[in-house]
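> Coordinates for the following, if possible.
(one chain, ligands or ions: 1)
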Amino acid sequence: MELTIDHVTMQFKNKLALNDVSCTLTSGQLVGLIGPNGAGKSTLMKILATLQHPTSGSVRLDGVDIRKHPSTMKRVLGYMPQQVPIIPQLSAVEYLRYIAAIKGLARIQANDQIKALLVRMHLADAASRRLSDFSGGMQQRVGLAAALLGDPQVIIVDEPSAGLDPIERIMMRNLLSELAESRIVLLSTHIVSDIEAVASWLLLLKSGQLLFQGSAPQLIKAANGHVWEYVLPQGKHPQASQAVSEMRQAADGIHIRLVAPNAPTQTAVTVTPTLEDATLSALEGR
Ligand SMILES: Nc1ncnc2c1ncn2[C@@H]1O[C@H](COP(=O)(O)OP(=O)(O)OP(=O)(O)O)[C@@H](O)[C@H]1O
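Next up, the predicted model:
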C-alpha cells in the first residue's frame, strides 16, 4: 500500500497547523512523526484518518483520494487518538466488543481477536474489570487493542506511549515494529528515544512545516560536526539561547552537550550526534 500526502495545508482560523506537507508512506515502514508540542502531528494524523479535511492539498491511498472516498481509508484504518475515548462503565472486553461491532466484525472473529489482543497487551487478567478502574497506561493499551481490531493495514497511533511505564513502552514499540513488517504504521511522539530503535523513516514537523523526511542515519549525518561537549566550571551556567541537549554534574564541573554550527568555546570538542541531538539540531536550525 502507498499513502501519498500531497501538498497538504491546514489553516485553522488564525493558525497555520500544516504548511504544504508532502510525503509518501509505504507498507513495510514504521514511520516516526516527531516534533515539539503544537507542531501539527495530531492534525496530520486526523487528516489521514479522514476526521478532518485539509484546507488544500490531498491524501491518496493507492491513488484513491480519501476525502472523496473516505471508506477506502476507513476500511483499512486502525487509528488511536491521543485521548483514547474509553467508556468508563464498560469492562475492557465489553468495550472491545463494542468497538468490534462498530467496525462490523463478525462475533466469532471479534471474540478471537479480542482474546488475542488482550493477551498481547498484557491485559488478559484485567479483561473483566471496569475501564474506570484502569490506570492511564492500561487505558492506553486498551486504546491500542481497539485500534488493532479488524487487522488494519494502515495503523496511525498518536502518542501511544503517553502514560506507559518503561516495560509497557518497549512492549508497545516492539508490537508496532512487528506490525509494520507488512503494513503502514505511523506513530507520533515528541520523545525521540521512543522511536529511535524502531522507526525506519522519520518525519520531522515544526510549526506545521515538514523540516526533514528520511532515515535516522540521514538525520544524524546532517548533524555531524554540529554537536559539542565542554566542561563549565562549577557555578557557571550555559547561556539560555544555547541549544543544550545534555547537562551532567561531575567533579570537574558541568559537562555540557549542545548543538551549534561552530565551537561554543575554545575547549569544546565535537562528538558523534545521537538522534536526539540531530533532532534538536534540525529543529533549532543549527
Ligand atoms: N481545531 C483547532 N482549531 C484551532 N487551532 C487548532 C485546532 N487544532 C489544532 N490547532 C492548532 O494547530 C496547531 C497544531 O496542533 P496539533 O494538535 O496538530 O499539534 P501536535 O504536534 O499534535 O501537538 P502536541 O504534541 O502538543 O499534541 C496548534 O497550534 C494547535 O493549537
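
> can we go C-alpha only for contacts and neighbour counts from here?
Fine.

> The residue nearest the centre of the chain is in what secondary structure piece?
Closest residue to the average C-alpha location of the chain: S188 at 1.4 Å, with C-alpha atoms, centre = their mean. In the assignment (DSSP states H and E), S188 maps to strand 184-189.

> swap in V93?
Per DSSP H and E, V93 falls inside helix 92-102.

> related to what we said a few turns ago, contacts for the strand holding S188?
Identification of contacts with strand 184-189 by C-alpha atoms under 8 Å, 6 or more residues apart in numbering yields 1, 25-35, 41-42, 153-161, 176, 179, 195.

> Among those residues, name the buried ones.
Those of the contacts of strand 184-189 that meet the buried threshold are 25-35, 41-42, 153-161, 176, 179, 195, by 16 or more other C-alpha atoms under 10 Å.

> overlap between those and the residues near the ligand?
Contacts with the ligand within the buried ones among the contacts of strand 184-189, counted by C-alpha under 6 Å from any ligand atom: K41, S42.

> what's the burial count for S182?
16 (other C-alpha atoms under 10 Å).

> I'd say I156 and Q82 touch.
No - checked against C-alpha atoms under 8 Å, the pair I156 and Q82 is beyond contact range at 10.5 Å.

> quick revisit: quick check: the gap between the residue nearest to the centre of the chain and P152.
According to C-alpha to C-alpha, to the nearest Å, S188 stands 18 Å off from P152.

> Just list what the lowest-mean-pLDDT helix or strand in the chain packs against, helices and strands only.
The helix or strand with the lowest mean pLDDT-type score in the chain, counting by mean pLDDT, DSSP states H and E, is helix 193-196 (a mean of 85). If contacts are counted by 3 or more C-alpha pairs under 8 Å, 6 or more residues apart in numbering; DSSP states H and E, helix 193-196 sits against helix 166-179, helix 275-284.

> can you tell if the shortest one touches the ligand?
No - Helix 275-284 stays out of contact with the ligand when judged by C-alpha under 6 Å from any ligand atom, the minimum separation being 13.2 Å.

> quick one: average pLDDT of that helix?
On average, the pLDDT along helix 275-284 is 93.

> Tell me who's in contact with E159.
Neighbours of E159 in contact, by C-alpha under 8 Å, 6+ apart: P81, Q82, L187, S188, T189, H190.

> the domain parsing of the chain - what is it?
The record's domain split for the chain, according to the TED database, is 2-76+153-214, 221-284.

> gap between the two ends of the longest one?
This points to domain 2-76+153-214. Domain 2-76+153-214 has an end-to-end distance of 16 Å (C-alpha to C-alpha).

> and what of the last one?
Its first and final residues considered, domain 221-284 spans 16 Å by C-alpha to C-alpha.

> still on that earlier bit, from the contacts of E159, which shows the smallest pLDDT?
Note: of the contacts of E159, the lowest pLDDT belongs to H190, at 82.

> What's the local residue count around G63?
Neighbours around G63, by other C-alpha under 10 Å: 11.

> Look up how far I5 lies from it.
11 Å.

> Near the ligand, which residues of the chain are found?
So the chain meets the ligand at F12, K15, A17, P36, N37, G38, A39, G40, K41, S42, T43 (C-alpha under 6 Å from any ligand atom).
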